[in-house]
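K.L.:
This is the structure alone, sequence omitted:
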């Protein structure tokens, strides 16, 4: 075979990937058929978190992409057919000109590949149930507990949208149906089992007036019809909803809820006659007790009691007055050993609010209990004695357990163990599974500090938007000092949870590792990773990470140039005579 024949054969075998609709439409198509994310994941042979990733913008590849395109094409066909039956128009664009756009999929909010991304135990509930964190209706459950997946929705009095209340919109045309040779019985079963979507609202001209009645199904039907009527047809004046929140057994407007952070800042400024520097210094000095007060404020009505001083195993106690305990937090301190020849522009990225984001991690609720054996219970959290696996990718990515010179078993935290277990799974396959020898764990939840975190995040976001440096420094001191004094610190005698301190720190390190992996996976060259918030990369990082000051964004800390041209390196240096 000549070289041209080989190229012709290669071109004959090559095929383009099946195009998919925009990410903002994928979730809407699935939910219009009342198909849960878990059901679709089982049919596709993937995890629910993978489907969630597709619906938020990630792109599948290979055969699984063709199966996903086939499902979306079938879903689009059913939705279009149902809309056509409900509204017998001529199918032109004018029929849909007043229809809203499809709802966008879930936003980033979660850390890429971080703990929030690990949603293998997420299920869609058949009917909303009270969230274990805020008490409002939630449509999903995580590891058996009903709760909101979006932290911004937790605590909101507005219910999550449902297929019955979401406006029906005309999706953009999808590509032609996947060839029958690529269809699978599992994908066919999802479309066959999906219930028919609800028909679109009846046009105004075809509606009949419901008889006036004070109660009963007729009145309910009339109210439902009125709620679906376009605003232009309603004689009532358009109003804007006001957010309300629970206050004991009653409800009250969100504006009536006391804001400890805003109140403390206003008081400090008043006490120091508007002197910004003096007020900031006073607030930073009292950040620890104020953080504990805010924690108590956000824990009112909480499902779990925070144990202030639980008994701790010896491995969590300092070996000497100035020494450390036995826990290894997997702090990264990694630098790439080699770069390709050439002149490289390196950008040092700063991850915003690293410890603030790390407050969302699996924390043990009560006292730790000892167990042995190579087994990991996802419903518990704590510290584990493991033999870590070998890491063969140090040339391009940091070791997930950080820089450790001593071989053999070591005590790691829950975030580090979960990171290793995930990397050893079939999705990544980057290492072998760690061997677990013994553990100290307790029943755990990822939302124990969620309201505390959201209160700090909201105050931080508001301070950035308003240019309020006093609140910004105050909030930063609150969450940073809260984490650093959770151990046996003389500065915080209210809460001794050394295990929490190690877990939150390790979660921050794990979050940075996932950002490094995302950069590598998106084609950037990772040069350095340090601490909780510093990542050096080469390439168009703005195509991978959003730029800004939010906790889901990054900002530029430094830029510099590295010249690895062999000719430059071989050129003799010229000194002064």
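P.N.:
Yep, it's here. Keep in mind that this is a model prediction, so the values were computed, not measured.

K.L.:
how about the strands of the stretch 351-500 of the chain, start to end?
P.N.:
Shown for the stretch 351-500 of the chain, the strands assigned by DSSP state E, counting those that start in this stretch span residues 363-364, 369-372, 380-387, 410-413, 435-445.

K.L.:
Throw these into JSON lines and include distance to residue 491 and mean pLDDT, thanks.
P.N.:
No exception for glycine: its C-beta is placed from N, CA and C like everyone else's. Shown next, in JSON lines, are the strands of the stretch 351-500 of the chain (distance: least, C-beta to C-beta, whole Å; pLDDT from 0 to 100):
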{"stretch": "strand 363-364", "distance to residue 491": "21", "mean pLDDT": "94"}
{"stretch": "strand 369-372", "distance to residue 491": "29", "mean pLDDT": "95"}
{"stretch": "strand 380-387", "distance to residue 491": "23", "mean pLDDT": "96"}
{"stretch": "strand 410-413", "distance to residue 491": "22", "mean pLDDT": "96"}
{"stretch": "strand 435-445", "distance to residue 491": "25", "mean pLDDT": "95"}
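
K.L.:
Please dump those into a markdown table; it should also carry mean neighbour count and distance to residue 40 for every row.
P.N.:
Listed next are the strands of the stretch 351-500 of the chain as a markdown table, based on neighbours: other C-beta atoms under 10 Å; distance: least, C-beta to C-beta, whole Å:
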| stretch | mean neighbour count | distance to residue 40 |
| --- | --- | --- |
| strand 363-364 | 24 | 31 |
| strand 369-372 | 12 | 35 |
| strand 380-387 | 23 | 29 |
| strand 410-413 | 24 | 33 |
| strand 435-445 | 18 | 27 |
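
K.L.:
Any chance of JSON lines for those strands, columns distance to residue 529?
P.N.:
Below are the strands of the stretch 351-500 of the chain laid out as JSON lines (distance: least, C-beta to C-beta, whole Å):
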{"stretch": "strand 363-364", "distance to residue 529": "25"}
{"stretch": "strand 369-372", "distance to residue 529": "33"}
{"stretch": "strand 380-387", "distance to residue 529": "22"}
{"stretch": "strand 410-413", "distance to residue 529": "18"}
{"stretch": "strand 435-445", "distance to residue 529": "26"}
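
K.L.:
And the ones you listed: which comes nearest residue 460?
P.N.:
Proximity to residue 460 (C-beta to C-beta) singles out strand 363-364 among these, at 21.1 Å.

K.L.:
residues in contact with that closest one?
P.N.:
For strand 363-364, the surrounding residues in contact (C-beta atoms under 8 Å, 6 or more residues apart in numbering) are 380-382, 441-446, 448-449, 499-500, 503-504.

K.L.:
again, only this time at 7 Å
P.N.:
Here strand 363-364 makes contact (C-beta atoms under 7 Å, 6 or more residues apart in numbering) with 381, 382, 441, 442, 444, 445, 448, 449, 499, 500, 503.

K.L.:
quick one on the thing from earlier: now for the strands of the stretch 351-500 of the chain, which one comes closest to residue 282?
P.N.:
Distance to residue 282, taken as C-beta to C-beta, is lowest for strand 363-364 among the strands of the stretch 351-500 of the chain, at 30.6 Å.

K.L.:
Tell me the strands beside that closest one, with direction?
P.N.:
As defined by DSSP bridges, the strand partners of strand 363-364 come to strand 435-445 (antiparallel).
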